[in-house]
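A.B. asks: Based on what follows, work out the 3D shape:
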Amino acid sequence: MDQSPQQTIAGVVLCLNEAENLARALSSLAWCNEVLVVDSGSRDGSQGIAASLGARVVEHQQQGRFLITKQRNWALKHGQLQSQWVVFLDADEEIGVGCQTAILKCINQPDAADAYELTPRYWFLGRWLKLTQGYPNWHPRLLKRGKVKFEGGVWESFSPGIEVGQIYEPYEHFAFSKGIDDWLERHARYADWEAEKIDMVLSGHGSQALGTRRWHWLRLAMVYAWPFRPLLRFFQKYVLQGGFLEGWQGLLFALLMAGYDLITIVKLIQRRRQKRGLAL
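C.D. replies: Below you'll find the predicted structure:
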């Protein structure tokens, strides 16, 4: 009996000033039929590095606030991809051989789902934070081109109404690879977006502002418990999830995430005072 032809797959990396990370990420996509880097206007030579490593590079700078789901959807629509499947990888991530094998096995099976969530091993200062980051922690990354889109702004999900599977073999995520300044800058952006969504819910615009992501009910509960978010986040990460078992890295990361929520509530207070014309 003839075998079905092998499915083709494109690897897509979103990029902004990722010269330090690109070689690792792109090397881990060498098995893909095509590799595309969507750059947001790097000024550190990232585009040249990506091209030298064999990737096709296109530049697309969003107007206004950067939303990762918009950039992923732009890549799907305007990236001139030819492959049947697309896997998205961030520049600070890497797909190992085990994850690669699992991906190829899934997309080549006759009953493949429309899309798949992948889970990262989150590395922080040399340690995999398996407990502190709640492994497995699912992220929408692999999809059939032309059938699936992203939604959710920063905390992304697949569009509803499709069949979604899960791949348990992890990829690697080095989210702290560019140091504390980069981490804080990114999370300040996330906090701004989160504060806006919380304000929308509190102002009566409905919980749909939070999107359709998994654990929607928990995110809604955290909206109304907003003054206590830093304490609750630390308790979640360090106590409930067992961060205390992961040494000083677990403690530091739990404190950083509590700090992220502190920034979020300060931004929320600032936003609500400005709407009422009160002094900051």
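
A.B. asks: mind listing the helices for this structure?
C.D. replies: Assigned by DSSP state H, the chain shows helices spanning 22-27, 46-52, 68-78, 97-107, 179-202, 216-224, 229-234, 247-275.

A.B. asks: How many residues are close by Thr132?
C.D. replies: Thr132 has 26 neighbours, counted by other Cβ atoms under 10 Å. Placement of C-beta: from N, CA and C, glycine included.

A.B. asks: what about stretch 131-140, average pLDDT?
C.D. replies: Predicted confidence along stretch 131-140 averages 96 (mean pLDDT).

A.B. asks: Give me the pLDDT for Tyr224.
C.D. replies: 84.

A.B. asks: Now do it against Ile198, distance only.
C.D. replies: Going from Tyr224 to Ile198 by Cβ to Cβ, to the nearest Å gives 9 Å.

A.B. asks: So which of these two has more stuff around it?
C.D. replies: Neighbour totals were compared for Tyr224 and Ile198, and Ile198 leads with 24 against 11 (other Cβ under 10 Å).

A.B. asks: Tell me who's in contact with that one.
C.D. replies: Ile198 sits next to 223, 226, 264, 268 when contact means Cβ atoms under 8 Å, 6 or more residues apart in numbering.

A.B. asks: State the pair within those residues that is farthest apart.
C.D. replies: Using Cβ to Cβ, the two most remote members of those are Val223 and Thr264, lying 10.8 Å apart.

A.B. asks: Settle it for me: which of these two has more neighbours?
C.D. replies: Neighbour count, other Cβ under 10 Å: between Val223 and Thr264, Thr264 has more, with 25 against 20.

A.B. asks: Would you confirm that Tyr133 contacts Arg127?
C.D. replies: If you look again at residue 133, you'll see it is Gln, not Tyr. No: in this structure, Gln133 is not within contact of Arg127 by Cβ atoms under 8 Å, at 10.7 Å.

A.B. asks: Settle it for me: which of those two has more neighbours?
C.D. replies: The neighbour count for Gln133 versus Arg127, taken as other Cβ under 10 Å, is higher for Gln133 (24 against 15).

A.B. asks: Would you mind measuring from that one to Gly161?
C.D. replies: The value you get for Gln133 to Gly161, if Cβ to Cβ is used, is 29 Å.
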